[in-house]
Each structure stands twice: as structure tokens, then as C-alpha cells.
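>>> let's see this in three dimensions:
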Amino acid sequence: MRCLSAVSDTESVSHENIQSAMYRVIQILGSTDLPLVRYATGFLCNVAARNRDNKAYLCENKAIENLMRVLEVLSSSTQVPTELSWIYQEIFDNTLLAISNLTSNYNVVGYVQHACRQIVQKSNSMKILLNTLVMGNFLIKSRVLVILNRVITNEPNAHLFFVDVLDDKNHMNYVFTIYSLLFDAVDAFVDPEKHAELKDRLQDMSVKLLKILREFMKNRGFAQQIINLSRNHKNPITLLSKLGHTQLGITLLEFVDDLLEDDDLLVEWNKNDEIRAILEMCSNSPINELAKISAHLLRRIHPLINFNEGYFSNNFDWEMSNY
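Here you go, the predicted model:
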């Protein structure tokens, strides 16, 4: 197995028929031998990335179902010995990347939809992914978000599989977890101690989180939960004072535009001086698109606003972030 894993990313293997080997490796995923599972998941991760015939074969032979079982075992392991933590993390990464590769697009109509449907049809699959999202490190969280975005984008009834799913650690649902992660990711993104490469990854994570939230807004029940969180937990508009003139600020405002479909929230935000001032400042941004969206949001609440001359310049001191 170690030898197969080592050569699985070579050019020669990508052109060979290795179906018998792939079939045997799928069966190995159920092993309790961690090093063996590590090599098996690494092998599947590589062969699923390099050849569309391999993708199709693995998908039809329950690779996704068995990879989800590996995640289930890993995410339910509450006490991992310190000396084994590295191998757990590597299996996590290999497994998630293999699932990501198996759900990536290529020019076969309906393949991605079929692969994503296999994920949601696996019993407890959404709970497994939520547990992995909650307990995983930054890299693991990023991998899970890729898969969730694929599922939501390609499975028409995806929302049904997210309902009433709670993680085992915090007993919170997807909406609360994704919403909270957004604030954590933005806080990390604006941290001046973070290097440029990590900032890029944090921005990418934030965009994925916002995309999921915007998809959740299309479901009435989820939309109401998100609106309640913005009202009673943390207001996403306040993140703009941290983001400043950034592309991520634009993506955030698009999400805010979705939130303002709720008339009650529109009225409440009209009464919030800080929110109105932040939007006013963003409407003067040197980034045209950011200014345009901010002005659009102000126009949405404009009939409800009585502007006082000099209000923004005299009563609200707000500095755009450099990050």
C-alpha cells in the first residue's frame, strides 16, 4: 500500500488502468490500521485528481461512501493520543481532499451532481461534515467548506439535509456554526501579525462562508435564523469597520443586501446610527464596486432615514482598516 501511495501521483500511473488496485484500496478504508488508512486515502486523493475515468470508477464503487465512513470515525475520536495526532490530521486531509477531487468538475454532464448526491444520501453525512468542520484546524475547515459549497451548488434539495443537524461538541447547527466562523475568519484576516499567504487563505475561507450563508438565505427557515443572529448575536455590518476597502468587503455587502429583504431588520438598522454611518463611509470608498453597493444599501433604507447635516463627520469617528 505504501508503494501504491508513493507512485499514485506520477505521470505514468495517470495513464494506466488501475481499477483493480483502486477497488482493493476502497476496501482497505475500513481498516483500523492507521498507517494503512493513511496510505490508502493518499492514494485515492491522487488518483481521483489526475484521471476522469478514475473519478467515475471510484464514484460508482462507493469510494465516497467509504471515505465518509473514515471521516465519521475520525470526527468521533474525542481523545487522540498526542503521538498519533499527526497521522489523524494527515488522514483527515487526505480524505477530505479525495472527496473534493471526486466532486470536482470535468466535462461529463451530471457527474458532479451524482457525486454530490452520494454525499448527502450517506446516512449522517451532514453531521459528519459539521463535526469535522467544528473540530478541525484551519486547513481541515477549508477542505470541508469546499465540499459543502459543492453540495449546496449541485444538489437541488441540499437544504433539506442540513435541517436539524447539530454538532456533537457545541450542539449548534450549521447556520450558527457558519455564521460564527465568518466572524472568526475576518478577525484573523485583519490581524496584522498574519502573513500575506495566510491572509489570502483566510479571505478565501471568508468568501466560502459568505457563499454558504447566501445559499442558506434562499431557505425561509435558515434565512430567519440568520436574520435573528444578525439582530441578536453579531451584526455583519460591523465587520466592514475591520475590513476597510477590500474585495472581501464587497462580498460581505452582497450578503447584507440579502439580509435586508427582511422589512423588520430594515427598520431596525435604520435606527442604528453606527450601521448607517458605516454604510455612508463605505459609499465614499475609492473602490468603485464597494462604493456602489454601499450606496445601493443606503438607498434601500433612505426613505426611512432623516439625515442631519454634519452627522457623519461630527458624531462618528470611523477609520477604514488597512487590511
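>>> what's the helix or strand for R69?
R69 belongs to helix 63-75 when elements are defined using DSSP states H and E.
>>> and that helix, how far from the chain's centre?
Going by Cα atoms, centre = their mean, to the nearest Å, the spacing between the C-alpha centre of helix 63-75 and its chain's C-alpha centre is 19 Å.
>>> what is that helix packed up against?
Other helices and strands packing on helix 63-75, by 3 or more Cβ pairs under 8 Å, 6 or more residues apart in numbering; DSSP states H and E, are helix 19-28, helix 34-50, helix 85-102, helix 111-121, helix 125-135. All C-beta spots, glycine's among them, are computed from the backbone N, C-alpha and C.
>>> of the ones you listed, which is nearest L259?
helix 125-135 (22.6 Å; Cβ to Cβ).
>>> which SSE is immediately downstream of the closest one?
Using DSSP H and E, the helix or strand that directly follows helix 125-135 along the chain is helix 138-154.
>>> show me which positions of that following helix end up buried.
Along helix 138-154, the positions that meet the burial threshold by neighbour count (16 or more other Cβ atoms under 10 Å) are 140-152, 154.
>>> so for the residue lying closest to F255 once chain neighbours are set aside, what pLDDT did the model give?
The shortest distance from F255 to any residue that is not its chain neighbour, by Cβ to Cβ, 6 or more residues apart in numbering, is 5.0 Å, and that residue is L210. In this prediction, L210 carries a pLDDT score of 96.
>>> by how many degrees do the helix holding R69 and helix 19-28 diverge?
Relative orientation of helix 63-75 versus helix 19-28 (axes from the mean of the first three to the mean of the last three Cα atoms, to 10 degrees): 30 degrees.
>>> what's in contact with helix 63-75?
22, 26, 29-30, 37, 41, 44, 48, 58, 88, 91-92, 95-96, 98-99, 102-103, 115, 118-119, 122, 124-125, 128-129, 131-132, 135 (Cβ atoms under 8 Å, 6 or more residues apart in numbering).
>>> quick one: buried ones out of those?
Buried members of the contacts of helix 63-75, scored by 16+ other Cβ under 10 Å, are 22, 26, 29, 37, 41, 44, 48, 58, 91-92, 95-96, 98-99, 102-103, 115, 118-119, 122, 125, 128-129, 131-132, 135.
>>> so what does the helix ranked longest in the chain touch, helix or strand wise?
Scanning the chain for the longest helix, with DSSP state H as the assignment, gives helix 196-216. Helices and strands touching helix 196-216, by 3+ Cβ pairs under 8 Å, 6+ apart, are helix 138-154, helix 158-162, helix 174-189, helix 220-232, helix 247-259.
>>> flag every buried residue along it.
Neighbour-count burial for helix 196-216, counted by 16+ other Cβ under 10 Å, picks out 199, 201-216.
>>> let me know the pLDDT of the residue sitting nearest the centre point of the chain.
Most central residue of the chain, judged by C-alpha distance to the mean C-alpha position with Cα atoms, centre = their mean, is L145 at 2.7 Å. With respect to pLDDT, L145 scores 97.
>>> hmm, it is touching L210, no?
No. Applying Cβ atoms under 8 Å, one finds L145 not in contact with L210, separated by 10.6 Å.
>>> where does this structure have low pLDDT?
Under the criterion pLDDT under 70, the flagged ranges of the chain are 1-17, 245, 302-323.
>>> tell me the domain boundaries of it?
Using automatic domain parsing, the domain ranges for the chain come out as 1-156, 173-323.
>>> now those in CSV, with distance to V163?
CSV is the format used below for the domains of the chain (distance: least, Cβ to Cβ, whole Å):
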stretch, distance to V163
domain 1-156, 9
domain 173-323, 7
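>>> out of those, nearest to L166?
Ranking those by proximity to L166 (Cβ to Cβ) places domain 173-323 first, at 5.6 Å.
>>> what distance separates the closest one from the centre of its chain?
Relative to its parent chain, domain 173-323 has a centroid offset of 18 Å by Cα atoms, centre = their mean.
>>> what do you get for stretch 148-158?
Between the mean C-alpha location of stretch 148-158 and the chain-wide mean there is a distance of 12 Å, by Cα atoms, centre = their mean.
>>> with stretch 62-82 instead?
Centroid separation between stretch 62-82 and its chain, computed with Cα atoms, centre = their mean, is 19 Å.
>>> how about that stretch: buried residues?
Burial within stretch 62-82, assessed by neighbour count using 16+ other Cβ under 10 Å, is assigned to 62-72, 74-75.
>>> which one among those gets closest to R220?
Comparing the buried residues of stretch 62-82 against R220 with Cβ to Cβ places M68 closest, at 28.7 Å.
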